[in-house]
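> Okay, sequence plus prediction incoming.
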Amino acid sequence: RWQKIFMISLWSKLAFFWNKAFLTIIILLIVLFFDAVREVKKYSAVYASERVVNVNTSAYDHIQMKLFRSQRNLYISGFSLFLWLVLRRIVTLLTQLAKGMITQVALETQVNNTTEAAKKYLTENEKLQQ
């Protein structure tokens, strides 16, 4: 099934653009991940300093809300980046598998043709010897 999909000529034309799109999305996810890490560090420092100083509860709750949102964004961007890299690896492995299957079929036909030719030459050789 994969071999048929990868043998479509349109796929080879789109493969170049898909590679660029994959890399662009990976770069975007890395930027989002580092931004989320920066936000978590920023609000964690503010949270720690505000906890020591007694401030009103609305400011404390606001800081906790910002910290929660930054942590949420960190987890979302981290998992998205990880899953995108896994998806990239799966597509790469499927492409290699399809190419390997194509070469395997070609080698099997070549081996079959070679064995048939060898059997034919052996029978001809036996006939000539007799």
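Structure received.
> switch to C-alpha atoms for all contacts and neighbour counts from now on
Will do.
> Tell me where the model's unsure across the protein.
Along the chain, the parts satisfying pLDDT under 70 run over 2-3, 6-7, 47-55.
> tell me the helices in it, going along the chain?
Applying DSSP state H to the chain gives helices spanning 2-6, 9-52, 57-129.
> for the longest one, packing partners?
Translated: helix 57-129. In terms of contacts (3 or more Cα pairs under 8 Å, 6 or more residues apart in numbering; DSSP states H and E), helix 57-129 is packed against helix 2-6, helix 9-52.
> And the ones you listed: which comes nearest residue 103?
Residue 103 sits nearest to helix 2-6 of all the helices and strands packed on helix 57-129, at 10.9 Å, using Cα to Cα.
> and of the helices and strands packed on helix 57-129, who's closest to residue 130?
Residue 130 lies closest to helix 2-6 among the helices and strands packed on helix 57-129, at 48.0 Å (Cα to Cα).
> Quick check, central residue of the chain?
In the chain, the C-alpha nearest the mean C-alpha coordinate belongs to residue 88, at 1.4 Å (Cα atoms, centre = their mean).
> what's the distance between the residue nearest to residue 77 when sequence neighbours are not counted and residue 23?
Nearest non-adjacent residue to residue 77, counting by Cα to Cα, 6 or more residues apart in numbering: residue 33, 5.2 Å away. Per Cα to Cα, to the nearest Å, residue 33 is found 15 Å from residue 23.
> Please apply the same query to residue 121.
Going from residue 121 to residue 23 by Cα to Cα gives 54 Å.
> give me the number of residues near residue 81?
A count of neighbours around residue 81, defined by other Cα atoms under 10 Å, yields 20.
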